[in-house]
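Q: Got a predicted structure here, sequence first:
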Amino acid sequence: MRFFIFSLMLAAAAHAITCTEGYFLFTKDNGSFYLNEDDAIIDKYFVDFIDSDDSSSYKFIREQGRVVIEREMTDRGVLTSDTNVFYLINDINSPAADNSIAYNKSLLGDTTLIDAIFREPGDDENEASVTEVHLKIFKNGLIGDYHELSPKDDQHRSEAYLKNDTLFNFSITSSNDTVGYSFVVNDNDDKHVCHEFYKMKEDASSSNMETRELTDRYYRVKENETGFVFEKVREYRIDQYFLVYTDGHTTSIVKRPVTRTKMPSRGYYFDTKGRKLFKANPYRVQFFFH
């Protein structure tokens, strides 16, 4: 019993994380178009609006070759729900179909390289959205280049690095020449809380950058048995992302079943004194073991 309790304590300690670490794990999965398989993945997502009954919830069910997203929304007391499915095609040269992510994934040392084409169908008012993605995912960093091919030609680059318990974020968007840079640090009194400071300019040719602390937004991490909850706290809403670890503590990942080949029964022969024989004998009794 003591060994069992000690084992549970070790398992919990192995995943003890700070707020900046939780933020970084969220960033890795959120920016990977459902192609991340390392560390932790988003399982559920809730939005609660302060001083309002409106809410949203999303459930991500990751199966072999597809991701199912179940959504419920309450807007002014009206509840609506829908289900969306994205098909993961491990061949970037495959013709892109609606609601599909065609990709190639490879490893270079400890870095995961992903090239992907993400296609989401439009509605009556909007045409289909097609985005070309190039990702580099490594232990303490993520670099993503996103090129929206349609309905408009727009490019976005984002980078995230976790170093010395500080999370550094950088982003640039071509359409409006917006450049953003931020760093996130843990709270001095509670390592499960962190604060963000950022610089931003909307004209890439300008050297002026506004700098201020996001005093109306901070982040929290709440650990649980299967992972943790990453919270974005704002003045008017709270976003909660439930992440689960991918090392066996998952809840919504449906893994490929392992097919076991049943070995044929092997017959052993025994003589009348019970001695095992490997060839026929005039006096024998045969038993089969499965």
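A: Here it is on my side, so go on.

Q: Regarding residue 62, what is its secondary structure?
A: strand (DSSP: H, G, I helix; E, B strand; the rest coil).

Q: same deal with residue 35?
A: Once three-state DSSP is applied, residue 35 turns out coil.

Q: which residues does the nearest residue to it once chain neighbours are set aside form a beta bridge with?
A: Residue nearest to residue 35 in three dimensions, not counting chain neighbours: residue 114, with 5.4 Å by CB to CB, 6 or more residues apart in numbering. To be clear about C-beta, it is placed using only N, CA and C from the backbone, and glycine gets the same treatment. As for beta bridges, residue 114 partners with residue 105, residue 135 under DSSP bridges.

Q: isn't residue 114 right up against residue 104?
A: Yes - counting by CB atoms under 8 Å, residue 114 touches residue 104, with 7.3 Å between them.

Q: what about the two, which has more around it?
A: residue 114 (20 against 13; other CB atoms under 10 Å).

Q: In contact with the more buried one, which residues?
A: 32, 35, 103, 104, 105, 133, 134, 135, 137 (CB atoms under 8 Å, 6 or more residues apart in numbering).

Q: Save those as CSV, and put in distance to residue 162 and pLDDT too.
A: As requested, the contacts of residue 114 are exported to CSV (distance: CB to CB, whole Å; pLDDT from 0 to 100):
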residue, distance to residue 162, pLDDT
32, 16, 89
35, 20, 90
103, 25, 94
104, 26, 95
105, 22, 94
133, 21, 94
134, 21, 96
135, 16, 96
137, 12, 94
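
Q: What subset of those residues is buried?
A: 32, 35, 103, 133, 135, 137 (16 or more other CB atoms under 10 Å).

Q: in the stretch 51-200 of the chain, which spans are strands?
A: Ranges of strands within the stretch 51-200 of the chain are 55-63, 66-75, 78-89, 100-108, 111-120, 129-138, 141-150, 154-163, 166-173, 178-186, 193-201, based on DSSP state E, counting those that start in this stretch.

Q: These into TSV, with extra columns for distance to residue 18?
A: Putting those into TSV (distance: least, CB to CB, whole Å) gives the following:
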stretch	distance to residue 18
strand 55-63	24
strand 66-75	29
strand 78-89	31
strand 100-108	28
strand 111-120	23
strand 129-138	19
strand 141-150	17
strand 154-163	10
strand 166-173	10
strand 178-186	5
strand 193-201	8
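
Q: Please name whichever of those is nearest to residue 237.
A: With CB to CB as the criterion, residue 237 lies closest to strand 55-63 of those, at 9.6 Å.

Q: which strands and helices sit next to the closest one?
A: Of the remaining helices and strands, those touching strand 55-63 by 3 or more CB pairs under 8 Å, 6 or more residues apart in numbering; DSSP states H and E are strand 40-49, strand 66-75.

Q: which stretch among the strands of the stretch 51-200 of the chain comes nearest residue 25?
A: Taking the strands of the stretch 51-200 of the chain one by one with CB to CB, strand 154-163 is closest: 9.1 Å.

Q: residues of that closest one that come out buried?
A: In strand 154-163, counting by 16+ other CB under 10 Å, buried: 156, 157, 158, 159, 160, 161, 162.

Q: Format the contacts of residue 114 as a markdown table; extra columns: distance to residue 23.
A: Formatted as a markdown table, the contacts of residue 114 follow (distance: CB to CB, whole Å):
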| residue | distance to residue 23 |
| --- | --- |
| 32 | 15 |
| 35 | 20 |
| 103 | 25 |
| 104 | 28 |
| 105 | 24 |
| 133 | 21 |
| 134 | 23 |
| 135 | 18 |
| 137 | 16 |
